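Student: Predicted model and sequence below, questions to follow.
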Number of protein chains: 2
Amino acid sequence: MKKDFKVGEFYEKIYYVTEDMGRQFASVSGDYNPIHLNEEVAQKTRFGKKVVHGMLLGSYISGIIGNEFPGNGSVYLKQELDFRKPIFYDSKVKIKIEVLEVDLKKQRLLLGTQCFDCEDNMLIDGKALILYEG
Amino acid sequence: MKKDFKVGEFYEKIYYVTEDMGRQFASVSGDYNPIHLNEEVAQKTRFGKKVVHGMLLGSYISGIIGNEFPGNGSVYLKQELDFRKPIFYDSKVKIKIEVLEVDLKKQRLLLGTQCFDCEDNMLIDGKALILYEG
């Protein structure tokens, strides 16, 4: 694992989120809330259509942190997720992980964890604290 | 949806977490960090064996909130997860969702979201803020 993380360093990854991914997430999480999967019910909500599970994007953040940036060796200590805007199926989501603080002594990194739509509107704001054993 | 939530009211659910669930979560999230799935690698870590993805439990919390308590109609605004202890496969995890604050005017609930092992050790502490349109 890379050791020399610097404040301001970041990693970005784009996901194309489909309803099939939403169905898989429902199967794993047990979250079959119709707002995510039932068009008829979703049309009557403030969103007007089916929305992506916020925690599916949270899971992608977890996946990037554990595998890509900072990568294997990362151990999650905290994750904050602030769901700002709904995300709809069949859209691109950019996830940005940015180093906010480096504590070499405690082997900890504070990361910004944000999701954006294709127009750069922030969908999720958040921070993760991780232990990294490089 | 039930409307009259009171501070202190809570809901508990027990999950039996298996490695198969971990593999399904890896498939959905892309989180194939070997600490979760590779015994050889995991043995060399501070945990000594494979640990459950923390965000898998986060997904279960999302599932309970969206489907059971408070249930359908819940819209996630925020989730904080504080991962305190590792969780290993083939163990029972109790998730407790508790009403901490009720704001009827803004239709918001602040929830405690905690996970415990079978000896009542806290594995995850956290809070969720949700909008509920009952």
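Tutor: Thanks, I have the structure now.
Student: going forward, measure contacts between C-alpha atoms and count neighbours the same way
Tutor: OK.
Student: Going along the chain, name the strands of chain A.
Tutor: For chain A, the strands identified by DSSP state E occupy A:10-17, A:74-83, A:91-103, A:108-116, A:122-132, in order along the chain.
Student: out of these, nearest to chain B?
Tutor: strand A:74-83 (4.3 Å; C-alpha to the nearest C-alpha).
Student: Now do that closest one against strand A:108-116: the angle between them, please.
Tutor: Regarding strand A:74-83 and strand A:108-116, their directions subtend 40 degrees when assessed with axes from the mean of the first three to the mean of the last three C-alpha atoms, to 10 degrees.
Student: neighbouring strands for strand A:74-83, and are they parallel or not?
Tutor: On the basis of DSSP bridges, the sheet neighbours of strand A:74-83 come out as strand A:122-132 (antiparallel), strand B:74-83 (antiparallel).
Student: Switch these over to CSV; also include mean pLDDT and mean neighbour count.
Tutor: Shown next, in CSV, are the strands paired with strand A:74-83 (pLDDT from 0 to 100; neighbours: other C-alpha atoms under 10 Å in any protein chain shown):
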stretch, mean pLDDT, mean neighbour count
strand A:122-132, 96, 20
strand B:74-83, 95, 22
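Student: CSV please, covering those and showing distance to residue A:51.
Tutor: What follows is those, written out as CSV (distance: least, C-alpha to C-alpha, whole Å):
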stretch, distance to residue A:51
strand A:122-132, 12
strand B:74-83, 10
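Student: Out of these, which gets nearest to residue B:108?
Tutor: Each of the strands paired with strand A:74-83 was checked against residue B:108 via C-alpha to C-alpha, and the shortest separation belongs to strand B:74-83, namely 9.1 Å.
Student: Please list the residues outside that closest one that contact it.
Tutor: With C-alpha atoms under 8 Å, 6 or more residues apart in numbering or on different chains as the test, strand B:74-83 has contacts from A:54, A:76-84, B:54, B:58, B:65-66, B:123-133.
Student: Return the top helix by length along chain A as PDB; C-alpha atoms alone will do.
Tutor: With residue count as the measure and DSSP state H as the assignment, chain A has helix A:54-67 as its longest helix. Backbone C-alpha positions of helix A:54-67 (Å, rounded to 0.1, in the frame of the first residue of the first chain) are rendered in PDB as follows:
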ATOM      1  CA  GLY A  54     -28.200   6.500  -1.000                       C
ATOM      2  CA  MET A  55     -26.400   3.600   0.700                       C
ATOM      3  CA  LEU A  56     -25.600   2.000  -2.600                       C
ATOM      4  CA  LEU A  57     -23.400   5.000  -3.300                       C
ATOM      5  CA  GLY A  58     -22.100   4.600   0.300                       C
ATOM      6  CA  SER A  59     -21.200   1.100  -0.700                       C
ATOM      7  CA  TYR A  60     -19.300   2.300  -3.700                       C
ATOM      8  CA  ILE A  61     -17.400   4.800  -1.500                       C
ATOM      9  CA  SER A  62     -16.500   1.800   0.800                       C
ATOM     10  CA  GLY A  63     -15.400  -0.100  -2.300                       C
ATOM     11  CA  ILE A  64     -13.100   2.600  -3.600                       C
ATOM     12  CA  ILE A  65     -11.500   3.200  -0.200                       C
ATOM     13  CA  GLY A  66     -10.900  -0.500   0.400                       C
ATOM     14  CA  ASN A  67      -9.600  -1.300  -3.100                       C
END
